[in-house]
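> Here is a sequence with its predicted model. Questions after.
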Amino acid sequence: MIEYAVVRSRRKTIAIQISPAGNITVRCPARMSQREIRQFVESKAGWITAHLNRIAQEPVLPPFSESQLQEMVQWAKDTLPERVDFWAAKAGVTYRRITVRRQHTRWGSCSSKGSLSFNCLLALVPEEVLDYVIVHELCHRKQMNHSPAFWSEVARLLPEYPQAKAWLKEKGVSLISRLPEP
């Protein structure tokens, strides 16, 4: 039996989130039944087990210190505006502002009003991964979803984006796991 927490909201889809510590959260529409949730989790049992096994095999590294985090935030504040401007021009989009945060679940986000937020841990990723996260968020200025049209726009700007996306999936968890608990 897989143990998990349920978070209901106005979202339209169901998703499973596994924290770096191995805690499982199911995010689902407010009116979804417990039975539907349980069936979904059971259908993903193989994926969940594989993910938990991968987490268990990763070395446990100490949390980042406050001074390390401050350095990363400063690096991001100094570096991101120029990179975002470069990619925004290529994408043909504008944005409102950039903020840098210590995010435990996201590498970046884009609001419907065009505000961009980026994870300070981007200071530690390869340049092509940084560019992918920036392009991904800027493409939301054209498509506020992950539709085929959205991914087509990402591919137009960064044809090699799948490698960067895979890097985040494989190595990003170990970075995020080093953030101190909020």
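Here it is on my side, so go on. Values in this document were obtained by computation on a predicted structure and should not be read as measured data.
> Am I right that residue 61 is in a strand?
No - under DSSP: H, G, I helix; E, B strand; the rest coil, residue 61 falls outside any strand and is assigned coil.
> which stretches of this protein form strands?
Shown for the chain, the strands assigned by DSSP state E span residues 5-9, 15-18, 24-29, 97-101, 108-110, 115-119.
> Comparing those, which comes out most buried?
Among the strands of the chain, ranked by average contacts under mean count of other C-beta atoms under 10 Å, first place goes to strand 115-119 (a mean of 21). Glycine gets a C-beta too; all of them are placed from N, C-alpha and C.
> Now tell me what touches that strand from outside.
Applying C-beta atoms under 8 Å, 6 or more residues apart in numbering, the external contacts of strand 115-119 come out as 76, 80, 84, 95-103, 106-111, 133-134, 137-138, 176.
> what does the average pLDDT come to for it?
Mean pLDDT, taken over the full extent of strand 115-119, equals 97.
> Spatially central residue for this protein, please.
The C-alpha lying nearest the average C-alpha coordinate of the chain belongs to residue 106 (C-alpha atoms, centre = their mean; 3.1 Å).
> returning to what we had before: export the strands of the chain to CSV and tack on distance to residue 35?
Listed next are these as CSV, based on distance: least, C-beta to C-beta, whole Å:
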stretch, distance to residue 35
strand 5-9, 12
strand 15-18, 16
strand 24-29, 12
strand 97-101, 37
strand 108-110, 32
strand 115-119, 36
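> which one of the ones you listed lies closest to residue 63?
strand 115-119 (15.2 Å; C-beta to C-beta).
> pretty sure residue 23 is touching residue 5, no?
Yes - look at residue 23 against residue 5 with C-beta atoms under 8 Å: they come within range, at 7.3 Å.
> With adjacent residues omitted, what lies nearest to residue 98?
In space, and not counting its chain neighbours, residue 98 is closest to residue 116: 5.0 Å by C-beta to C-beta, 6 or more residues apart in numbering.
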